[in-house]
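Colleague: following is a predicted model, sequence given first.
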Amino acid sequence: MWAFYTSFTNKALVGLDAARPRFVGLDNYQRLFSDPDFATVVFNSIVFVVGSAIVGQFVLGLLLAILLDHAERRRYRFASIAYAAVLLAWVNPTVIAAFLWVAMYDFFHGSLNTGLQALGSAPVDWLGQFPMLAVVVANIWRGTAFTMLIFLGALKTIPTDIYEAARVDGANAWRRFWDHTLPSLRPIAALALLSITMSTFGTFILIQTLTNGGPGIRTETIALYAFHEAFRSYAIGYGSTIAVVMLILNAAFAVLYLRWSRARA
Amino acid sequence: MTAIGPQAQAQVAVPPRTRPLEGGSRLEFVLMHAAFLAIAAFFLAPFVWLFTAAFDAHAQAYIRWPEQLTLDNFVQIFDRYAFATALQNSVFVAVSTMVLTVCVVSLAGYSLSRIEVRHKAWITYAILLLQTMPLSATMVPIYGLARELGLRNSYLGLILIHSAIELPFLVWLMKGFFDSVPRHLEEAAWLDGRTKFRALFEIVLPVARPGIAVAAGLSFLSAWAEVLMVLILVDQQSMKTIPLAFYETFRTAGGYTEVQYGLVAAMGVLYVLPVMAVFFATRRLMVRGLMASTRGL
Amino acid sequence: MAKVEYDNVWRQFVGQERAAVAGLTLDIADGEFLVLLGPSGCGKTTALRMLAGLEHPDRGDIRVDGRSVVGLEPKDRDVALVFQSYALYPHMSVRDNIRYPLRVRGLPSADQERRVTRAAELLRIEHLLPRRPGQLSGGEQQRVALARAIVREPRVYLMDEPLSNLDAKLRTHTRTELKALQKQLGVTTIFVTHDQAEAMTMADRIAVLDAGHLQQLGAPDDVYQHPANLFVAQFIGSPPMNVLAAQRDDGVLVVAGGWRMPIPKLRDAGAATLTVGLRPEAIFLANDGYPAEVLVSEPLGSEVIVNVKLGDALVKVRTGPDVRPQAGDRVGLRADPAGVRVFDRDTGVALA
C-alpha cells in the first residue's frame, strides 16, 4: 500500500498528464485553485458533509441511540426491529443503497412521489430540483447506524441505578436526561463527530449514482470532481492533483482524530 | 461470632442485576412505539420495494404488491444481461480476496503482535492512518498504477486491490486478537519441541479463530460490496462484477436515462441475500467489526 | 420521622412463578431501625423499592405516617435510598453529588451549602468534597452515598445492602457507625441485608423474609431465642442451630435415637415425631452426658466449637476456650432444658 500511495504522490507532484506525458510542475495545482468550479465543488462538499454527517447522522444517530437505550431499559421489545432496520441500511453495499434511492426518488413512479400524489400533492423532481437534499437524505439513511452505535455504546455504560437514584433524589425525566445522560455522552461526541466527518467526506458511489454530480455541478463534491476530471476528461494528472488535495485534507482530519482518541484512551 | 456458619454466610452478596427501569407511563409507551414504527418504516421502506419489485412483472419504482408475480426479472438478468458472469466474478473475487486477506493478515497480525520492533507504535499509528483514507481519493492513482502494471481487467488486479482496501484495518484487528492470546500457549509448544511455525498453526490459530472469522467475514463483505475499484479497473464485459451490472440497467432512450427497475430489483435481491443472511446470523460480531473500521464509501 | 406500614403488599414479576413479595404486613415505628433480613431472592429488596416508589405493588397498601404513598412519585414520598452500588453520579464531584437532591428541589444556594457541609461533617468526608466518585475507595463512596441521603432530611431512610461491597473489617466498623448515626439522627430506617450478623447487631427489630413471605418479626433477642420456625432458627445464628430428629416418648424427648432430654410445654401435644433445635451454646460437655465422638475442634480464641458425631448427624457444641477435645475422643452431651426448641416435623413451625 505504501507503494501505491508514494508512487502516486510522485506522479501528482510532478504533474504528469497520462494521456500526453508532460512535465508541468505545479501548474495543475495553480489551475485547480484558480478554477471557479473548484470553489463550488468545495462548497458542495462542505454542504454535503455538514448536512449529511453533522446535522443528519450525528443528530439522528444520537436521537436514535437515546431512544433505543431508553427502550432497552424499559424492556420494550419492539425497539429491536427499529434497531435492526437501521443496521440493515448500513451493512448492505452502498451500490444497493444508491439504487434503492434512485427508485425512491424517481420522478414518475418513485415511492416518494407516488406517496405525495396519493395525498393529493404534485410530484416533486427530487433529483432535479433538490439534488443536494436528496443526496443528503440518502446518505443519512445509509450511514446513521454508525453514530448510533457509537452513542449506544456510551449510553449502555450508564447503570440503571444512576437513573433510579436521580429519580429518588427528585429529578424528573427531563432533568435526568440533562444531568446524567448528556454528560456521559460529551467525551465521545467529539470523537464521533470527527469520525463521521471523515467517513462522509469520501462518499462517492452514492452521489454518483443518484445525480452524477448534477444537475450541472450542484452536487459535485470533491470526490466526484476528481473522478470526472480524471476519467471523463482524461486528465489524469489533474485528477491526481485533486486526489492529493483530498488526501491531505483527510490526513489532517485523521491525525486530529488519532491524536484525540489516543488522548482519551 | 466469627465462626463460619455454613447456612448464613453461604449467601454471597449478589451483584445487582440489570433491572428494567420502572415507571413508564402509557403515553410514553405509545409515543415510543410510534417512533419505532416510524424509524423502522423509514429504514426498511427501500428494502420492501426491493423485494416486491423483484418479483413484479411490470415493476414500478414505487412500493406495491406486484399485480403479476413472476420470476421473469430473474430470468432476464441471466439471459440478456449476463448476470451469471457478474455473479461468478463477484463470488470468485470476493472469496479469493477473503482467502488472500486472511492469510496475509493473520501472518502480519501475528508478527506485529509477537515481534518486538522499536517503532511498533509508529507502525500501528501508520496503519490506522492508512485506513482512514477515503477510497475515492485513491481512485485516480490506483488507476494509473494498475494501467502501468497491466493489472486492469484481470482477476489478479481485482483481488489485489480488494485485499489492499481492508488490509490495514484487518491487520490491526488481528494484531489485537493475537495480543489477547497468552504467550505461554506457544511457549509450552516450543518447549515440547515444535517449531515456531507449527506452533502457530496448531496452537495459536485455533484460539484466534473468532478473530479470523471476523477478518474473513469483513474482507468478504468488503470485496462483495466494492464498486469504486471495479469501476476503475474493469471495462471488459467478461470481467464485470455485480455492482457493475447494476449500472447496465440504465437505459438511454431519447436523451432520457431510465432505470429498468425490475431488473435492478432482481439483481439487488440476489446481491443482498448473502449479506443479509450473514448479517442475521452473526449480528453482534459483525456490528462490532464494522464499527471499528471508519471508511467512506 | 415517620412510621411506616406495609399492608398486605403483593408483587409478582411477569414470568416468575411465585410472587416476589407475598402478603407482606409490617408496622414500623417512628425512629425505629428495622432490618429486612433474608436470603437472595426473598423479596426484601423489592419490598424496599416499593416503599421508595421504584416498584409498584400489585395489591395492598404502603403508608407513611398514615397516608398512602402508593401512586406517588419517589420524589414526593420524602424518602432517601442508599443503593447497594451507591449509584454515585460519576461525572459530578462529591460535593455536587451530595448537593444534587437539594439542587433539584430548587433550594436556595446558601441552604444547599449549609446542609452539604453539615452532612459532610457528620460523615467525616469534608476532605473528599472536591473529588470525583471514581477517585474514592469503596468505603468513601459509601459515606458519600449516605451523605447524599442525609442531606435531604427525609422522613425515612432506606438502605439496600449498603455494606455488602465493603471488605470484612470495614464492614464491622461501619456497622457500629451507622447504628450510632441513626440513633443520633433519630430517623426511621429500613435496612436490607442478607447478613444475619449485621441484622443482629444493628436492628431494633428484625423482619425475616423467605420466598416473599414474612417469617418472623421481632427484636434480635426474640428472633434468636424464640425463632418462629425452622427457617428462622437456621438462618440466624452462627454457627447455625443444630437440628435433629426426635421422638416423643412418655413425656421426654428422645433425640437422634438415644439422647433423652426434658420436653418443654408444647402447643400441639399430639405429634410423636418432631424436630428439635439446639443452639451450640445450649449443649454442654459433661462426663455423664449422652456419649458421642469428637470429629474436630475449632478453636476460635475466645471459644471453641467442637464438632461431634451423633449417629449420622453432626452436632456443633460451643465451649469455653480451655476445653480442647481431640478428634476421636469420646465426650458426653447434655442439653440445657431452657434451650430446647421444638418444631413440627412437617411444617417446621415452632411448637415451643
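Modeller: Cool, the structure landed.
Colleague: quick check: which element contains C:Asp61?
Modeller: Here C:Asp61 sits within strand C:59-64, counting by DSSP states H and E.
Colleague: same question for B:Val105.
Modeller: Assigning secondary structure by DSSP H and E places B:Val105 in helix B:83-114.
Colleague: and that helix, how far from the chain's centre?
Modeller: 12 Å (Cα atoms, centre = their mean, to the nearest Å).
Colleague: if we can go back for a sec, could I have the strand holding C:Asp61 exported to PDB, CA atoms only?
Modeller: C-alpha atoms of strand C:59-64 as PDB (Å, rounded to 0.1, in the frame of the first residue of the first chain):
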ATOM      1  CA  ARG C  59     -52.000  -5.400  45.700                       C
ATOM      2  CA  GLY C  60     -52.000  -3.900  49.100                       C
ATOM      3  CA  ASP C  61     -51.100  -0.500  50.500                       C
ATOM      4  CA  ILE C  62     -48.000   1.200  51.800                       C
ATOM      5  CA  ARG C  63     -48.400   4.100  54.200                       C
ATOM      6  CA  VAL C  64     -46.100   6.600  55.700                       C
END
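Colleague: show the subsequent helix or strand relative to that strand.
Modeller: Following strand C:59-64 toward the C-terminus (DSSP H and E): strand C:67-68.
Colleague: what does that following strand rub up against?
Modeller: C:61-62 (Cβ atoms under 8 Å, 6 or more residues apart in numbering or on different chains). Every residue, glycine included, has its C-beta placed from N, CA and C.
Colleague: quick check: mean pLDDT across that strand?
Modeller: The predicted model gives strand C:67-68 an average pLDDT of 89.
Colleague: again with stretch B:71-82
Modeller: 78.
Colleague: CA-only coordinates of it in PDB, if you can.
Modeller: These are the backbone C-alpha positions of stretch B:71-82, laid out as PDB (Å, rounded to 0.1, in the frame of the first residue of the first chain):
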ATOM      1  CA  LEU B  71     -39.700 -14.700 -11.800                       C
ATOM      2  CA  ASP B  72     -39.100 -13.200 -15.200                       C
ATOM      3  CA  ASN B  73     -36.900 -10.500 -14.000                       C
ATOM      4  CA  PHE B  74     -34.500 -13.000 -12.700                       C
ATOM      5  CA  VAL B  75     -34.600 -14.900 -15.900                       C
ATOM      6  CA  GLN B  76     -33.900 -11.800 -17.900                       C
ATOM      7  CA  ILE B  77     -30.900 -10.700 -15.900                       C
ATOM      8  CA  PHE B  78     -29.300 -14.000 -16.600                       C
ATOM      9  CA  ASP B  79     -30.300 -14.200 -20.200                       C
ATOM     10  CA  ARG B  80     -29.900 -10.700 -21.500                       C
ATOM     11  CA  TYR B  81     -27.600  -9.100 -19.100                       C
ATOM     12  CA  ALA B  82     -25.200 -11.900 -18.500                       C
END
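Colleague: and B:Glu67, helix, strand or coil?
Modeller: State at B:Glu67, reduced to three classes by DSSP: H, G, I helix; E, B strand; the rest coil: coil.
Colleague: burial count for the closest residue to chain A within the stretch 251-352 of chain C?
Modeller: Minimum separation of the stretch 251-352 of chain C from chain A (Cβ to the nearest Cβ) falls at C:Gly348, amounting to 36.2 Å. Neighbour count of C:Gly348, defined by other Cβ atoms under 10 Å in any protein chain shown: 19.
Colleague: quick one: it and C:Thr275 touch, right?
Modeller: Yes - shown here, C:Gly348 and C:Thr275 form a contact pair, counting by Cβ atoms under 8 Å, at 7.1 Å.
Colleague: shared neighbours of the two, anything?
Modeller: Common neighbours of C:Gly348 and C:Thr275 (Cβ under 8 Å, 6+ apart) are C:Leu230.
Colleague: and the strand holding C:Asp61, how far from the chain's centre?
Modeller: 22 Å.
Colleague: isn't there a strand covering C:Leu285?
Modeller: Yes - counting by three-state DSSP, C:Leu285 is part of a strand.
Colleague: and it, bridged to which residues?
Modeller: C:Leu333 (DSSP bridges).
Colleague: can you map out the strands along chain B?
Modeller: B:250-253, B:256-259 (DSSP state E).
Colleague: residues near the residue in chain A positioned nearest to chain B, how many?
Modeller: Closest to chain B within chain A is A:Gly202: 2.2 Å, counting by Cβ to the nearest Cβ. Look at A:Gly202: counted by other Cβ under 10 Å, it has 26 neighbours.
Colleague: could you do A:Leu127 as well?
Modeller: Count around A:Leu127 with other Cβ under 10 Å applied: 22.
Colleague: okay, buried residues for the host helix or strand of it please.
Modeller: Element membership for A:Leu127 (DSSP H and E) is helix A:126-129. Going by neighbour count (16 or more other Cβ atoms under 10 Å in any protein chain shown), the buried part of helix A:126-129 is A:126-127.
Colleague: rank the strands of chain B by pLDDT, which is bottom?
Modeller: strand B:250-253 (a mean of 64).
Colleague: and the stretch 251-352 of chain C, which of its residues are near chain B?
Modeller: Within reach of chain B by Cβ under 8 Å from any Cβ of the partner chain, the stretch 251-352 of chain C has these residues: C:298, C:300, C:305.
Colleague: in strands only, show me the residues you listed.
Modeller: Using DSSP E, those in strands are C:298, C:305.
Colleague: buried ones only from the residues of the stretch 251-352 of chain C next to chain B, please, as a ChimeraX command.
Modeller: A single ChimeraX command selects the buried members of those (16+ other Cβ under 10 Å):
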select /C:305
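Colleague: can you sort out which of the residues of the stretch 251-352 of chain C next to chain B also neighbour chain A?
Modeller: Answer for those near chain A: none qualify (Cβ under 8 Å from any Cβ).
Colleague: which of the three states applies to C:Tyr290?
Modeller: Taking three-state DSSP, the label given to C:Tyr290 is strand.
Colleague: ok, for it, nearest residue in space, not its chain neighbours?
Modeller: C:Trp259 (4.0 Å; Cβ to Cβ, 6 or more residues apart in numbering or on different chains).
Colleague: show me what contacts the one you found?
Modeller: C:290, C:310, C:333, C:335 are the contacts of C:Trp259 under Cβ under 8 Å, 6+ apart.
Colleague: could you pull out the helices for the stretch 151-265 of chain A?
Modeller: Counting by DSSP state H, counting those that start in this stretch, the stretch 151-265 of chain A has these helices, from start to end: A:160-169, A:173-176, A:182-201, A:205-211, A:222-227, A:236-264.
Colleague: from C:Ser297, how far off is the nearest residue to C:Lys44 once chain neighbours are set aside?
Modeller: The shortest distance from C:Lys44 to any non-neighbouring residue, by Cβ to Cβ, 6+ apart, is to C:Leu36 (4.0 Å). C:Leu36 is 36 Å from C:Ser297, where distance means Cβ to Cβ, to the nearest Å.
Colleague: out of these two, which sits in the busier spot?
Modeller: Neighbour tally, C:Leu36 and C:Ser297, criterion other Cβ under 10 Å: the higher count belongs to C:Leu36, 29 against 19.
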